[in-house]
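Participant: Just the structure for this:
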Amino acid sequence: MNAFGGSTESWSLVAFSVAVTITLLLCVVTGPDSDDLAEFYTGYRSLSPLRNGLAIAGDYISAATVLTIGGVIALCGFDGVVLALSTLLSLLVLMFLLAEPLRNTGKFTMGDVLARRMPGRGVRITACGVTIAALVPMMLVQLASTGQLLAFILGFSDNATKTGCIMGVGGLMITYAAIGGMRGTALIQILKMVVLLGSGTVVAVLVLSRFHWNPADLFTTAAKRSGAPDEFLHGGLQFAGGPHPRLDMISTQFAIVLGGACLPHVTMRMFTANSARQVRRSMSWAVSSVALFMLVAGVVAIGATAMVGRAGVAAADPRGHTAYLLGSRAAFGPAVSRAETLVLTTVTTAIFLTLLASVAGMTLACANSLAHDIFAGGKADMSPQRETAFARGSALVVGAPVIALAVLVQHRSLQPLATLSFCVGASAIAPALVYSLFWRRYTRAGLMSTLIGGTLGVLILMPGTRLVSGSPTSAFPTADFNWFPFTTTGLVSIPLGFAFGWLGSVLSGRRAATRERGRYEAVESLILAGPRRRSADGGRAVQPPSWRPDP
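Facilitator: Presented below is the predicted three-dimensional model:
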């Protein structure tokens, strides 16, 4: 099913080409020097709070976020609205709990934050492994959905063209990460957010105008055309097929709130702020931008159900991933003028930019971790030029296998992969960051137990969920090895991640606890208050010392 006419397809193709050209030029023009680590990893922390906030929001709102949340809202109504609110709450958790401590303790990667208290190559290697485990599944979701999404927009259907789209976008993501570095990818994220918010706001206004500016009429019409009006307005559709729908929803919300706040490609943006005040202002802009987009996406997705019908949305894609595009097209009515065609083209371009920017940001986070934590970790004699070269090469090392895997999984349900990323973030990274930043008795054994145990817990439980098998929309619809009673692992794996950290620290013994308490006290003022400012007479204030240098 293709809801777009020939003129929209042609204009979209032209717009995609222009978007690729502009973003490549941005990366080339703003790309860092080959021997400047600070410029490659943080862009010299030169972005204003507004631009940095838009970049954070851009990294946070991936193509999977746009398509998945739009689909759940269109198909499930109230449950989708709760999902959108949970996504926003996740960014608030990052803003109020983690943003400033991350900025104060991190330099380039998550490994820097964890190694601040517990130096050592083992910590950095494990942090890099968890970073890759959390982001590669999400990268696969972005890339594998590229072919299906562009086929829906441009009107082609052959598998060879879909595979070519995946490989083309994959090549672009490697190029953006390798050439643009942090500043280049930030500018792409800013461009994406401006286009996404601008076009989405116009469409949302058009949707409301078709229902006489009355949101109640919009929701009532959508409920009537959903086939289940009571559940659509009050909840219960998303997890109706599971044995414990309420617990399933709670599990999913925990995974999204904690996992979304701690995914490494989002937390790395905290390192680009040059002061605590700037990171607070940047997060304020990021939260405002995400809140506006969630409102826009909700109106457009509900409009898709109201104007196209739940059956029409599901016919285009069983998981509703095209609902945002269907709602945008339906907002213009059966006949589309030239001006409306341009607006619709802007919407499709925004989705395409979201794909490009999302995979580029995740690739950069993985490449930075490989270069800084693995290749350069513990090597004091490595030159900045060589480490930057490693970072650029790491983009290819990460990207090439991801492209190959995306081609293999493109025809299966991608929801398990997206869920896997959020669950790893919530079950391994979130406990490690919270304990490292705020618990004095946290030990190296506890940290390794958290990272490894939390990740393994998710990897063991996830194959047993009904996202993988046991339902028509699962990754393996003809198989049934579904033994885990929930859709996500969060309700079990998140407590396990925190329990592993506590147990590993307690079993380390009193001597290790005393040692770690001393290490924490040495950096506590840095974690909670940040580096001290210059004294009034122009002299340098003393920086809180770390316990010992990172070997």
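Participant: before we move on, which element is residue 153 in?
Facilitator: Assigned by DSSP states H and E, residue 153 falls within helix 121-154.
Participant: That helix: which residues count as buried?
Facilitator: Neighbour-count burial for helix 121-154 flags 121, 123-154 (criterion: 16 or more other Cβ atoms under 10 Å). For glycine as for every other residue, the C-beta is placed from the backbone atoms N, C-alpha and C.
Participant: Dump the helix or strand residue 41 falls within to CSV, keeping only the CA atoms.
Facilitator: Element membership of residue 41 [criterion: DSSP H and E] is helix 37-42. These are the backbone C-alpha positions of helix 37-42, laid out as CSV (Å, rounded to 0.1, in the frame of the first residue of the first chain):
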residue,chain,number,x,y,z
LEU,A,37,41.1,14.8,19.8
ALA,A,38,39.0,17.4,21.7
GLU,A,39,37.5,18.6,18.4
PHE,A,40,36.7,15.1,17.2
TYR,A,41,35.2,13.8,20.4
THR,A,42,33.5,17.0,21.7
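Participant: moving C-terminal of it, what's the next helix or strand?
Facilitator: Remark: after helix 37-42, the chain's next helix or strand is helix 49-60, criterion DSSP H and E.
Participant: Could you pull up phi and psi at residue 66?
Facilitator: The phi and psi values for residue 66, taken as degrees, to the nearest 10, are phi -60, psi -50.
Participant: burial of residue 229, as a residue count?
Facilitator: Per other Cβ atoms under 10 Å, the neighbour tally for residue 229 reads 15.
Participant: so where do the helices sit in the stretch 201-350 of the chain?
Facilitator: Taking DSSP state H, counting those that start in this stretch, the helices of the stretch 201-350 of the chain run over residues 215-224, 229-234, 245-262, 264-267, 276-308, 310-316, 323-330, 338-369.
Participant: Can you give me the buried ones in the helix holding residue 41?
Facilitator: Residues of helix 37-42 classed as buried under the neighbour-count rule (16+ other Cβ under 10 Å) are 37, 39-42.
Participant: One more: stretch 449-465?
Facilitator: 449-458, 461-465.
Participant: Which single one of these is nearest to residue 214?
Facilitator: When those are ranked by distance to residue 214 (Cβ to Cβ), residue 465 comes first, at 39.7 Å.
Participant: Quick check, that closest one in contact with residue 482.
Facilitator: Yes - Residue 465 is in contact with residue 482 according to Cβ atoms under 8 Å; the separation is 6.8 Å.
Participant: one step back: could you point out which element follows the helix holding residue 153?
Facilitator: Following the chain from helix 121-154 toward its C-terminal end, the next helix or strand by DSSP H and E is helix 159-175.
Participant: Give me the helices and strands touching that next one, please.
Facilitator: The elements that helix 159-175 packs onto, with contact taken as 3 or more Cβ pairs under 8 Å, 6 or more residues apart in numbering; DSSP states H and E, are helix 6-30, helix 121-154, helix 338-369, helix 384-409.
Participant: pLDDT of that helix, averaged?
Facilitator: The predicted model assigns helix 159-175 a mean pLDDT of 89.
Participant: How far away from the center of its chain is that helix?
Facilitator: Relative to the chain's own centre, helix 159-175 is displaced by 20 Å; criterion: Cα atoms, centre = their mean, to the nearest Å.
Participant: picking that back up, which elements pack onto the helix holding residue 41?
Facilitator: Using 3+ Cβ pairs under 8 Å, 6+ apart as the contact criterion, the secondary-structure elements in contact with helix 37-42 are helix 181-210, helix 384-409.
Participant: Okay, buried residues for the last one please.
Facilitator: This means helix 384-409. 384, 386-388, 390-392, 394-396, 398-399, 402-403, 405-407, 409.
Participant: by how many degrees do the helix or strand just after it and helix 121-154 diverge?
Facilitator: Scanning forward in sequence from helix 384-409, with DSSP H and E defining helices and strands, the next element found is helix 415-424. Angular relation of helix 415-424 and helix 121-154 on a 0 to 180 degree scale: 150 degrees, by axes from the mean of the first three to the mean of the last three Cα atoms, to 10 degrees.
Participant: Which residues outside helix 415-424 are in contact with it?
Facilitator: With Cβ atoms under 8 Å, 6 or more residues apart in numbering as the contact definition, helix 415-424 has outside contacts at 64, 68, 130, 133-135, 137-138, 140-141, 255-256, 259-260, 263, 319, 409, 454-455, 458-459, 462, 465, 467-468, 473-475, 487-490, 493.
Participant: Repeat that for stretch 510-518.
Facilitator: If you take Cβ under 8 Å, 6+ apart as the criterion, stretch 510-518 is touched by 117-118, 440-445, 505, 508, 547.
Participant: Restricted to strands, list those.
Facilitator: Filtering the contacts of stretch 510-518 for membership in strands, criterion DSSP state E, returns an empty set.
Participant: Without its sequence neighbours, what residue ends up closest to residue 406?
Facilitator: Computed as Cβ to Cβ, 6 or more residues apart in numbering, the closest residue to residue 406 that is not its neighbour in sequence is residue 143, at 3.7 Å.
Participant: Before we move on, what's the pLDDT of the one you found?
Facilitator: What the model reports for residue 143 is a pLDDT of 90.
Participant: contacting residues around it?
Facilitator: Contact partners of residue 143, counting by Cβ under 8 Å, 6+ apart, are 166, 169-170, 173, 359, 402-403, 406.
Participant: Tell me the spacing between residue 303 and residue 520.
Facilitator: 51 Å (Cβ to Cβ, to the nearest Å).
Participant: Show me which of those two is the more surrounded one.
Facilitator: Here residue 303 and residue 520 are compared on neighbour count by other Cβ under 10 Å; more neighbours surround residue 303, at 28 against 21.
Participant: pLDDT at that one, what is it?
Facilitator: Reading off the confidence values, residue 303 has pLDDT 94.
Participant: hang on, it packs against residue 331?
Facilitator: Yes - A contact is recorded between residue 303 and residue 331 when judged using Cβ under 8 Å, the distance being 6.3 Å.
Participant: residues shared between the contacts of the two?
Facilitator: Joint contacts of residue 303 and residue 331 (Cβ under 8 Å, 6+ apart) are 207, 210.
Participant: which intervals of the stretch 251-400 of the chain have sub-threshold pLDDT?
Facilitator: Applying pLDDT under 70 to the predicted model, the residue ranges of the stretch 251-400 of the chain that meet it are 377-381.
Participant: Minimum distance to residue 433: which of the helices and strands packed on helix 159-175 has it?
Facilitator: Of all the helices and strands packed on helix 159-175, it is helix 121-154 that lies closest to residue 433, at 10.4 Å by Cβ to Cβ.
Participant: okay, the angle between the closest one and helix 384-409?
Facilitator: 50 degrees.
Participant: how near is residue 77 to residue 481?
Facilitator: In this structure, residue 77 lies at 31 Å from residue 481, with Cβ to Cβ as the measure.
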